[in-house]
Each structure stands twice: as structure tokens, then as C-alpha cells.
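**Q** here is a sequence together with a model predicted from it:
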Amino acid sequence: MKYILLIVFSVVIVNIFAQNADSLKLNELNTELKLTNKKQDSLNSLIEDYKLKNIIYQLKNIGIPKLELNDTLITHSAMVLVYSEKYEQAKWVAHMIIPDIKTGNFGRTNDFRPDTMIKTGSAVEQDYFIKEMLPDSSYKYDGFGYDRGHLAPSADFRWSKKALSESYLYSNMSPQVGELNREGWAELENMLRSYVIHNNTPIFVVTGPVLNDSLIKIDRGVNKLSIPKYFFKIAFDYKNKKAIAFLMPNEMLTYPVISYSKSIYDIEKITGIDFFYKLAEQLKNNIKAQNNPRDWLVGKQKYETAPLKGTDLPKNCYNTVQSYKFIGTNKKVTICGTVSSTKKTRKGHVFINLDRSFPNQIFSITIWNSNAINFSYQPNKYLVSKKICVTEKLTDNKGVASMNIKNEKAIQILP
């Protein structure tokens, strides 16, 4: 019995020591993990600092426009700008979109604040709205009718907490109509980010309002901000030597984003600003003349085109944007555009989109299986990328102007 008790006691002692050894090892590993995480955080912070410094270096050596007399360059962590005291907003803001946005996970900070680097004082919150605290500690807002439109969008800096926060400085804001800021302008910003992610290449971006003395002001604001009638955005892919510019009115857009594309030369004529002036002469002239918006689209969007302009339309014909006004009129009308996407279902139905692809289509054509025999060709294959005009009555299909075509005589292929 004594031997049995001794054995049991010995086993218990051994287990206790083993548990203690395991606990010590576990604590040791946890301590090592904390030190490793701390070192990793330190390295990540150091890497971010070097990325920010490199961006500023590249902006100042490639990306910024030529400074004019009395211009003062304001340098932040990941963007540089010139502020116009006369109009109380930036003349332009230059930044870069880098592939890190794909994995960046910092969200909106909404820490709008004045830019203390503007010696004359930047715009402030009271230039856009007045807020009054109510007895229940909530706020009553009295807006002046305009959004605080980011020139360099915060989402372009989602890889850096510091840079993202600085995008909320009022020097980076301009009064924008809400329908532009939240729709067309946002779509343009999304398009450029998609380009960077898809091509895994950084791009330079310069954005600004078109400023002049004819602009009206927000009289209720503290600084009387001028309200731009137009905004420009310029993108330059240095690696692939591609550039594009956009000029958008400060209102709800009626046409797809690519319809507002311009060359850099066009923007220079309007603003008087000399963009990318530090580039070699031949490269500079080459990129400033480019206006190929489809080069900046990815995926199915690659096949999208701007709706035909009035001068390109046959007589008594309309483009895809104009088609909406004929919905429900019960009259046959002719709509022209470029086939951007097609689809044939398993049941043999054919769907064709003009100018914009699914799911962003603005005009669609349906050929039911029962009418397929009325075509001497396969519409889903033969019509791809062709400019066509279709004639029929227009219906509304979940907000999209649509036509049901019964035979190939309803389709005219343009030269």
C-alpha cells in the first residue's frame, strides 16, 4: 500500500512540474509574440513613413503643376496643394494613388478641420453649414446647399491613417452639388482606383476647381467661398506613359463619366495651369494630347464608350442618354450607340447593351428566342463593338430604357 501511495504521489508531483514547465513555456512564447508584434508594428510604421516620403518626392519631381507668381506650395504627408485665398479653396491638389489601397483597411475619419499650414487661414466648417446644439445635446444642422467635396478623396489614402486623416483638411475641400459629389464624381474616383488595382501601378492625380471672378459665393459662410461651375481631374500613369483628364460640371451628371473626358491640353486652356511641366518635352507633349478614356477602364467596362454626340447621330436619331424621355410615349423612336456587351441565355434569349455594360447599362435591347429566326446572323456575336441604330417603342425595364426587337430590319449598322 505504501508503494502504491508513493507511486501516486510521484505521478502527481511529475504532473505538477510538467504543468509548471508548460505554463512557463507558454508565458515565454506569449512574451516573444508580443515583442514580435511590437517590432512588426514599428517596422510597418517605418515602412509607411518611407512610402509617404517617397510619394512627396515623386510629386515634387514629377506630379505637381508649375507654380505661378505668389503661389505657395503646401506639403502634407501624401498630398501637396496650392491654396487660393481669393476663392478660399485650393487651386489644385496633387496626390498619388498607389496599389496599397487594395489591402489598406483604414476607414473614414470625418475629422474635418482647418488647415493650419495655410498662413492666411483656410476655409472652416461654418463655410458649409451652421450647427446648433439642442437641449438634448443633439445638433440641428443648417446647411448652405453644398457638400464638402474632397479634391483628393479619402479612400485613396486608406493604406495610411495619417494621410487619410489629412484628406479631411478644409484646404482639400470645395463646394460641390451633392448629386455630383456622391454620384458622378465618386464614380470617377472609383474608376481611377480600379485602374490602379487592376494594373498594379501607381498614378499621379491632380484635381481642382475651375476658378474665376465670375463665380458666385456662399454669402452665408464665414469666408464667402466661391462656388465652382466646373471641376477637373487629371490622371497620369508614368510607368505606362498614359494620361487622361476629366472636366465635370458642378451638377448632377446626365451622361456617363467617360463622356466628360478631355486632354490635359484642354484643361490647361481652361485653367491656365501648366501640368507635369518637369517631364521631358517629347513625353510631356505626348501625354498632354491623349484622350482615350477606354484605356482607363477595366473588366467589362473596357468595352464601354461615350454616348454619341449630336453631330455623330444620323438625322432624327437620339443617343442612349436621350432615350429616357421617350419611355412610355408609345411611339417608335430610333436610338443609336455602340454595342458594349451582349449575352445569350440557355433558352436562346439575346440581351444587348449599348454604350455601357451590365450591370451599369443605360440602354438595352432584347431579342426573345422566338424572334431569333428573323435574324440572318447571331446578334450576340456579330454586333459586338459595332455602332448601331435600333428603332422600336421604348419601355422601362427596372429603370433602364429598353426595346424588344423582332427582326434584323429594326437594326441599322452604322459605318
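**A** Looks like it came in fine. Residues are numbered from 1 along each chain as shown.
**Q** can you map out the strands along the stretch 101-250 of the chain?
**A** For the stretch 101-250 of the chain, strands defined by DSSP state E, counting those that start in this stretch occupy the ranges 129-133, 139-143, 147-150, 173-176, 203-209, 230-237, 242-249.
**Q** can I get those strands in CSV with distance to I56 and mean pLDDT?
**A** To be clear about C-beta, it is placed using only N, CA and C from the backbone, and glycine gets the same treatment. What follows is the strands of the stretch 101-250 of the chain, written out as CSV (distance: least, Cβ to Cβ, whole Å; pLDDT from 0 to 100):
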stretch, distance to I56, mean pLDDT
strand 129-133, 32, 87
strand 139-143, 35, 87
strand 147-150, 19, 97
strand 173-176, 21, 98
strand 203-209, 12, 98
strand 230-237, 16, 98
strand 242-249, 21, 98
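**Q** quick one: which of the ones you listed is nearest P379?
**A** P379 lies closest, by Cβ to Cβ, to one member of the strands of the stretch 101-250 of the chain: strand 242-249, at 32.0 Å.
**Q** next secondary structure after the closest one?
**A** strand 261-262 (DSSP states H and E).
**Q** next, the buried residues of the helix or strand that that following strand is followed by.
**A** Note on strand 261-262: by DSSP H and E, the next helix or strand toward the C-terminus is helix 264-271. Under the neighbour-count criterion of 16 or more other Cβ atoms under 10 Å, helix 264-271 has 264-268, 271 buried.
**Q** how far does stretch 328-342 sit from its chain's centre?
**A** Distance of stretch 328-342 from its chain centroid, counting by Cα atoms, centre = their mean, to the nearest Å, is 29 Å.
**Q** likewise for stretch 122-137?
**A** Offset of stretch 122-137 from its chain centre (Cα atoms, centre = their mean): 28 Å.
**Q** quick check: end-to-end length of that stretch?
**A** Stretch 122-137 has an end-to-end distance of 28 Å (criterion: Cα to Cα, to the nearest Å).
**Q** a markdown table for the buried residues of helix 264-271, including distance to S23?
**A** A markdown table is the format used below for these (distance: Cβ to Cβ, whole Å):
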| residue | distance to S23 |
| --- | --- |
| I264 | 67 |
| Y265 | 72 |
| D266 | 71 |
| I267 | 68 |
| E268 | 71 |
| T271 | 69 |
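**Q** re earlier: to L164, which of the strands of the stretch 101-250 of the chain lies closest?
**A** That would be, of these and by Cβ to Cβ, strand 147-150, which comes in at 10.9 Å.
**Q** which strands or helices does that closest one pack on?
**A** Applying 3 or more Cβ pairs under 8 Å, 6 or more residues apart in numbering; DSSP states H and E, we find strand 147-150 packed against strand 173-176.
**Q** quickly run through the sheet partners of the strand it packs on, with directions.
**A** Applying DSSP bridges to the sheet, strand 173-176 is found paired with strand 147-150 (antiparallel).
**Q** mind checking how far the residue nearest to K119 when sequence neighbours are not counted is from S174?
**A** For K119, ignoring the flanking residues on the chain, the nearest one in space by Cβ to Cβ, 6 or more residues apart in numbering is T72 at 7.7 Å. Separation of T72 from S174 (Cβ to Cβ, to the nearest Å): 18 Å.
**Q** compare these two and say which is more crowded by neighbours.
**A** Using other Cβ atoms under 10 Å, the more surrounded residue of T72 and S174 is S174, with 29 against 13.
**Q** which residues touch the more buried one?
**A** 89-90, 149, 151, 208-209, 228, 231 (Cβ atoms under 8 Å, 6 or more residues apart in numbering).
**Q** where does this structure dip in pLDDT?
**A** Across the chain, the ranges flagged by pLDDT under 70 are 1-19, 21, 39, 41-42.
**Q** and the chain, split by domain according to the record?
**A** 50-297, 310-413 (automatic domain parsing).
**Q** can I get these in JSON lines including distance to N20?
**A** Output for the domains of the chain, formatted as JSON lines (distance: least, Cβ to Cβ, whole Å):
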{"stretch": "domain 50-297", "distance to N20": "41"}
{"stretch": "domain 310-413", "distance to N20": "62"}
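**Q** which of the ones you listed sits closest to T36?
**A** Among the domains of the chain, domain 50-297 comes nearest to T36, with 20.3 Å by Cβ to Cβ.
**Q** that older thread, looking at the strands of the stretch 101-250 of the chain, which is nearest to K343?
**A** strand 242-249 (28.9 Å).
**Q** any idea how far the closest one is from the chain center?
**A** 12 Å.
**Q** neighbouring contacts of that strand?
**A** Against strand 242-249 from outside (Cβ under 8 Å, 6+ apart): 180, 184-185, 188, 210, 229-237, 257, 260-264, 266-267, 270, 276, 287-288, 290-293, 295-296.
**Q** with stretch 220-227 instead?
**A** Contacts with stretch 220-227, where a contact means Cβ under 8 Å, 6+ apart, come from 87-89, 121, 123-124, 126-128, 130, 144, 146, 175, 209, 211, 215-218, 250.
**Q** okay, how far is it across it, tip to tip?
**A** Across stretch 220-227, the terminal residues are separated by 13 Å (Cα to Cα).
**Q** one more: stretch 353-362?
**A** 8 Å.
**Q** and stretch 257-267, by the same measure?
**A** Note: stretch 257-267 ends 16 Å apart using Cα to Cα.
**Q** next one: stretch 68-75 to chain centre, how far?
**A** Per Cα atoms, centre = their mean, the displacement of stretch 68-75 from the mean C-alpha position of its chain is 27 Å.
**Q** next: stretch 197-217.
**A** 11 Å.
**Q** just the helices in the stretch 1-150 of the chain please.
**A** Ranges of helices within the stretch 1-150 of the chain are 2-58, based on DSSP state H, counting those that start in this stretch.
**Q** so S402 touches V390, yeah?
**A** No. Using Cβ atoms under 8 Å, S402 makes no contact with V390, being 10.5 Å away.
**Q** what are the buried residues along stretch 244-263?
**A** So, applying 16+ other Cβ under 10 Å, buried residues of stretch 244-263: 244-250, 253, 255-263.
**Q** in stretch 390-404, what's buried?
**A** Going by 16+ other Cβ under 10 Å, stretch 390-404 has these buried residues: 390-392, 394, 400-404.
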